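S.K.: pasting a predicted model and its sequence here:
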Amino acid sequence: MRKLILSSLLLLFLVLASTYMANAQPTVTIKGFVKTYDGKPHNNTLVVVFDAREFTIKGLVKTDPEGLFSVTVPQGGRYLVYIFPLTEDGKGLSHVPEMIDLSFEDLKEAVVNFTIYPAAFVHVSGMVMYVGGEWRGYYVVEVLGAEGKPLRKVLDAGKAIYKREFEVGKVFETKPLIIDVYGRGSPFIVVYRRGLREKKLPEGILTVDTVIVPAYQDVIVKVETSVIDRRRPPFLQEPIRKLVFTLGDPLKPLNLKSGEVTVLDLLWESLKRVIEDVRRDVAITEMLIEELESIGFYLAPERTELSKAVALVEEARVDFENRQPAEQILEKLEKAYVIATQSVAGRLFFLKTVALEGAPMLSYFIGAFAVTMAFYFFEDPRKKFLSFVAFFALFLLIFVYAYPGFPLLWSNRRDLFLISVGSAFLGIAFLIFYLPSKVKEAELPGALRKGSIAAITFSIAKRFSRLKKTRTLITVFSLAALIWAFTVLASISSVYGIWSEDVPSNIRGNFLLIKHVVSGTTPSPLGFFSDYKWLEGKVGKENMAVRVFNDPQQILVITVTKGKVKYTGIKAILGLSPVEDKVTGISRILIEGNVDKLSQPNAIYIPSTLARKLEVRVGDSIEITVYRRGLEVPKVETCIVAGIFDEARLDLIVDIDGDSIKPLVKVKGKFAPANSTDILIMNWEYLVKEVLVEKGAELSAVFQIYEIVVLGEPKVLKELANSYIERKGEDYYAYVNIGDRCIKLFFGQKVENILTSNIDFVVPILIVVFNVLVSMYSIVNERRREIFVFNAIGFNPMHIAILFLAESIVYGLISGGLGYIAGLVTFRLMTVTARTQNLLVREKLEWYWSIIAILISVLVAMIASFKPALNAAMMYTPSKVRRIKMQEKEREKREEKILTTYAGKTYSLPVKIKEDEAVIFFSYLYTRLKDLETGYRERVENLEEFEEEEMPDG
């Protein structure tokens with residue numbers, strides 16, 4: 001029996017042994033030693049074997065007193081071996097860490113001998129400040145040798161040999177590498193953080209801001225980061241701009257003692273760089289001003305504005321040298337940046353565009369004014385044409401010199417320049433000179449067309465104006481001076497700056513809403529560092545309600561799971577804080593739960609329809625997965641349901657500006673608020689800092705801050721809003737809600753109009769009106785004989801009045817054109833003689849000012865001439881209807897005669913006309929009789945036109 005039991009046990013042992021041997025996984029032994037650069041063993045070094053394929057630590061061992069180590073791990077992994085030389089107390093690193101790449105799946109064994117160097121430390125502190133863009137909180141630190149080569153290529157870190165299973169009989173050699181890359185994106189830091197999460201590595205020996213450099217070695221520490229640059233050409237260098245900060249240089253490298261600690265402050269290093277960047281922006285703007293001034297733009301106001309930016313940059317430089325508060329320096333630089341790149345540069349680009357658009361249109365003004373001058377001075381058709389050519393050439397040369405749009409057009413669109421000038425010259429020449437000579441009007445004996453009457457009237461008027469040359473010169477000069485003053489001195493132009501306007505208030509209380517909307521239509525995120533941190537430093541986190549949306553441009557897959565029930569209809573996640581309840585009363589939407597739970601990272605609020613589908617209540621846990629298909633591996637997060645909200649109530653919640661607070665989705669190329677049934681609500685900080693954070697980054701690539709609401713006193717909010725818009729410039733909006741009134745502040749372009757601020761400009765208009773009025777009264781008195789002749793030959797009072805008004809129109813046409821041209825020439829001369837003197841005037845480059853100038857001149861002349869023209873019309877015209885009393889018999893007698901006179905009679909005309917001319921003849925006869933309806937001494941009444949009727953006599 002005993003033998004049977006022993007046999008059974010032996011058989012069982014053999015079976016178990018064979019099973020273990022069959023299932024045993026091949027292993028890899030990695031061994032070696034760690035010694036210092038002077039040959040001494042290091043007995044307190046952690047040796048970490050990290051599997052890059054499974055992203056976990058597979059082996060961990062510490063060296064013995066002789067510096068030896070040996071660790072066994074399963075075969076088939078892609079192993080990276082890291083060493084952490086610790087101090088005697090194990091609370092820090094005594095030497096620079098090293099690593100070796102043994103990522104061969106067929107690795108059999110390896111012997112690695114590490115040579116380590118004593119450590120010194122560089123602490124990277126502060127955050128990168130940047131003006132004109134946004135830093136994303138990510139940087140990489142590289143340690144270089146004194147000659148600029150990576151440290152791994154400079155220092156010998158030991159040697160290693162290894163064997164591979166599929167390379168039988170071969171022994172491979174390689175070398176360990178000293179760790180010379182640090183920062184949040186460093187693989188070494190990633191391994192250390194993974195070890196902390198797995199609780200296999202000690203805490204406190206390393207931070208993401210620590211750089212370990214070899215002591216007693218000449219090194220250079222290089223920090224490389226990137227920013228999103230939102231500048232526009234010509235200020236933009238590249239959309240994603242790399243920034244490099246160094247500690248030490250080839251001429252003066254960094255050399256530290258063992259254990260010594262130094263600091264590289266990114267805050268002050270970046271401020272130093274920002275000062276240079278903004279100074280470069282100012283220099284580019286100044287170059288633009290000089291370039292435009294060279295072709296005729298008067299930009300003294302812009303120079304004055306830019307000088308403010310120069311002063312701010314200089315103040316920031318002095319503050320930097322004196323180590324004034326960084327926020328104070330940054331604020332000055334941001335204001336200088338806005339002035340240089342938006343206020344002044346925006347005005348320059350606007351003027352350049354206006355001038356380019358105006359040049360082709362002004363070609364036709366040149367042609368029209370040249371014709372006016374030619375017809376004024378000459379009567380002979382040939383002389384008119386030759387003078388038109390001469391005037392056109394003269395005015396074109398003047399405009400090429402005085403109006404900057406013509407040189408710009410010649411430089412940028414020479415074809416358009418030739419087409420516009422050529423079409424203006426040829427078109428006007430064809431219409432005014434060629435066409436009338438080839439197309440004759442139908443003429444009737446004794447008949448005049450209205451066009452002919454107008455031509456005759458203006459011809460007589462211009463001849464009258466040339467009789468008294470001195471008086472005409474004075475009148476034209478006064479009108480031209482008025483137009484010159486209007487063109488040069490009247491400040492009516494588009495300017496850039498901070499503007500405010502009242503908008504409907506939708507919430508009662510004292511709040512400040514900050515938004516970033518590109519071109520007024522496209523919502524854009526705010527910066528975490530440049531916006532949120534700045535506001536937090538002003539008012540504190542407890543007075544800020546932050547709203548986080550997922551980027552509507554990126555398609556997310558959001559899955560909510562409870563047990564076996566999975567829901568994939570969620571389109572957006574809204575990130576809020578408990579402070580939101582003070583602004584919009586967001587707690588009103590809750591059916592169950594408490595809004596205070598929003599402060600917890602794992603809290604989630606779901607719509608009631610989703611709660612019913614998942615069959616969950618407040619306090620239950622659910623799983624949520626958020627990822628971008630093809631970009632991330634789905635990662636499950638467990639959240640606690642902190643509330644269930646009513647979708648209809650969420651639809652009723654409106655923001656300070658009247659918009660919804662719901663996150664946006666893209667529908668058919670446009671942005672619209674998501675449906676309330678498709679929204680989850682979570683803690684905003686958790687979304688920004690934990691969800692979809694790319695490798696090495698600090699902030700989410702998808703969830704960003706889109707709106708910030710600040711609570712505070714009215715005075716503080718107003719000052720904060722103005723300061724914010726001054727710093728940020730265009731596309732940023734600040735809504736200041738005080739009680740039941742809301743004001744919208746923004747940076748943009750508006751028309752600055754002198755007439756809205758004062759009425760001083762009316763004074764020169766009245767002076768010119770009085771001058772023309774006196775001249776026209778003088779003309780009327782001098783031409784009493786001509787007026788009598790006009791009455792005698794059949795001119796009615798209206799014709800006489802129009803004649804004098806026509807003369808004033810002639811004065812207005814000539815004066816308006818000359819005054820406008822003189823104004824442009826004045827601006828050109830000012831660019832030469834007074835380019836740095838701000839005379840508080842702005843150049844009028846829009847083409848329509850030429851028409852406005854002539855219209856003003858004509859209107860002023862006509863207004864001044866109206867009363868003299870009326871007097872001339874009534875000079876020899878009976879102006880009173882005399883009434884006499886008569887006896888009844890006399891009245892009856894006259895009525896009888898009148899009735900007899902008005903009885904119907906037929907008169908035959910002693911003329912014969914052809915049948916085909918009858919229609920024209922009768923029309924002419926009717927027109928002449930119609931003209932007599934307005935007579936005083938003779939007139940026709942009750943004139944009627946009947947259908948043609950054949951009489952008995954044929």
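M.R.: That came through, no problem.
S.K.: what residues of the top helix by length along the chain count as buried?
M.R.: Looking across the chain with DSSP state H, the single longest helix is helix 797-833. Counting neighbours by 16 or more other CB atoms under 10 Å, one finds that the buried residues in helix 797-833 are 797, 800-828, 830-831. For glycine as for every other residue, the C-beta is placed from the backbone atoms N, C-alpha and C.
S.K.: just how off-centre is that helix within its chain?
M.R.: 40 Å (CA atoms, centre = their mean, to the nearest Å).
S.K.: can you give the domain ranges for the protein?
M.R.: 28-259, 272-440, 499-688+703-714+733-752 (automatic domain parsing).
S.K.: select the helix or strand of the chain having the lowest average pLDDT value.
M.R.: helix 754-757 (a mean of 49; mean pLDDT, DSSP states H and E).
S.K.: contacts only, for residue 259.
M.R.: 118-121, 215 (CB atoms under 8 Å, 6 or more residues apart in numbering).
S.K.: for residue 241, give me phi and psi.
M.R.: Reported as degrees, to the nearest 10, the phi and psi values for residue 241 are phi -100, psi 130.
S.K.: wait, it touches residue 230, no?
M.R.: No - Residue 241 lies out of contact with residue 230 (CB atoms under 8 Å); the separation is 10.4 Å.
S.K.: adding distance to residue 462 and mean pLDDT, write the domains of the chain out as TSV.
M.R.: TSV is the format used below for these (distance: least, CB to CB, whole Å; pLDDT from 0 to 100):
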stretch	distance to residue 462	mean pLDDT
domain 28-259	52	90
domain 272-440	6	90
domain 499-688+703-714+733-752	37	88
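S.K.: export those domains to JSON lines and tack on distance to residue 851?
M.R.: Shown next, in JSON lines, are the domains of the chain (distance: least, CB to CB, whole Å):
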{"stretch": "domain 28-259", "distance to residue 851": "33"}
{"stretch": "domain 272-440", "distance to residue 851": "8"}
{"stretch": "domain 499-688+703-714+733-752", "distance to residue 851": "18"}
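S.K.: minimum distance to residue 727: which of these has it?
M.R.: Nearest to residue 727 among the domains of the chain is domain 272-440; the distance by CB to CB comes to 3.9 Å.
S.K.: got any residues that touch both of residue 241 and residue 230?
M.R.: With contacts taken as CB under 8 Å, 6+ apart, residue 241 and residue 230 have residue 133 as neighbours in common.
S.K.: quick one, helices of the stretch 801-950 of the chain?
M.R.: Using DSSP state H, counting those that start in this stretch, the helices of the stretch 801-950 of the chain run over residues 848-874, 888-901, 918-931.
S.K.: worst mean pLDDT among these?
M.R.: Considering the helices of the stretch 801-950 of the chain one by one, the lowest average pLDDT is found for helix 888-901, at a mean of 67.
S.K.: isn't residue 825 right up against residue 398?
M.R.: Yes - the criterion here is CB under 8 Å, and residue 825 meets it with residue 398 at 6.7 Å.
S.K.: coming back round to it: for the longest helix of the chain, name the packing helices and strands.
M.R.: Under the contact criterion of 3 or more CB pairs under 8 Å, 6 or more residues apart in numbering; DSSP states H and E, helix 797-833 touches helix 345-377, helix 381-402, helix 450-467, helix 469-489, helix 762-782, helix 784-792, helix 848-874.
S.K.: just put the ones you listed in CSV and tack on distance to residue 668 and mean neighbour count.
M.R.: Converted to CSV, the helices and strands packed on helix 797-833 look like this (distance: least, CB to CB, whole Å; neighbours: other CB atoms under 10 Å):
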stretch, distance to residue 668, mean neighbour count
helix 345-377, 32, 20
helix 381-402, 48, 16
helix 450-467, 56, 15
helix 469-489, 49, 20
helix 762-782, 53, 17
helix 784-792, 71, 14
helix 848-874, 38, 21
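S.K.: right, and the ones you listed - which one's nearest residue 749?
M.R.: helix 345-377 (7.0 Å).
S.K.: out of the contacts of residue 259, which is most surrounded?
M.R.: residue 120 (23 neighbours; other CB atoms under 10 Å).
S.K.: what helix or strand is the closest residue to residue 613 other than its chain neighbours located in?
M.R.: Leaving aside its sequence neighbours, residue 613 sits nearest to residue 567 (CB to CB, 6 or more residues apart in numbering; 5.9 Å). For residue 567, the element it lies in under DSSP states H and E is strand 565-570.
S.K.: what does residue 537 give?
M.R.: helix 533-539.
S.K.: who does that helix touch, helix- and strand-wise?
M.R.: Against helix 533-539 (3+ CB pairs under 8 Å, 6+ apart) you get strand 703-711, helix 714-728.
S.K.: deepest-packed of these, please.
M.R.: The highest average neighbour count among the helices and strands packed on helix 533-539, using mean count of other CB atoms under 10 Å, belongs to strand 703-711 at a mean of 23.
S.K.: quick one: strands adjacent to it?
M.R.: Applying DSSP bridges to the sheet, strand 703-711 is found paired with strand 511-518 (antiparallel), strand 544-550 (antiparallel).
S.K.: run through who's touching the first one.
M.R.: I take that to be strand 511-518. So strand 511-518 is contacted by 523-526, 531, 535, 583, 655-657, 706-712, 717, 720-721, 724, 728, 731-737 (CB under 8 Å, 6+ apart).
S.K.: let me know the angle separating that strand from helix 714-728.
M.R.: Here the directions of strand 511-518 and helix 714-728 differ by 20 degrees (axes from the mean of the first three to the mean of the last three CA atoms, to 10 degrees).
S.K.: do the shortest one as well
M.R.: Here strand 544-550 runs at an angle of 40 degrees relative to helix 714-728 (the same axes, to 10 degrees).
S.K.: got the angle for the very next helix or strand once past strand 544-550 vs strand 565-570?
M.R.: Downstream of strand 544-550, the first helix or strand assigned by DSSP H and E is strand 557-562. Comparing the axes of strand 557-562 and strand 565-570 via the same axes, to 10 degrees yields an angle of 150 degrees.
S.K.: adjacent strands (with direction) for strand 557-562?
M.R.: When DSSP bridges is applied, strand 557-562 pairs with strand 565-570 (antiparallel), strand 621-627 (antiparallel).
S.K.: now mean neighbour count too, for the ones you listed, in TSV please.
M.R.: Formatted as TSV, these follow (neighbours: other CB atoms under 10 Å):
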stretch	mean neighbour count
strand 565-570	14
strand 621-627	18
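S.K.: right, and the ones you listed - which one's nearest residue 676?
M.R.: strand 565-570 (11.4 Å).
S.K.: could you give me the buried positions within the helix or strand following the strand holding residue 567?
M.R.: Of the helices and strands lying after strand 565-570 in sequence (DSSP H and E), the nearest is strand 572-576. Of all the residues in strand 572-576, those buried under the rule 16+ other CB under 10 Å are 572-576.
S.K.: got the angle for strand 572-576 vs strand 557-562?
M.R.: 80 degrees.
S.K.: can you list the residues that contact strand 572-576?
M.R.: 545-550, 552, 556, 558, 586, 598, 626, 661-665, 674, 678-688, 703.
S.K.: chain center to the next helix or strand after that strand: distance?
M.R.: Using DSSP H and E, the next helix or strand after strand 572-576 towards the C-terminus is helix 580-584. Mean C-alpha position of helix 580-584 versus that of the full chain (CA atoms, centre = their mean) differs by 30 Å.
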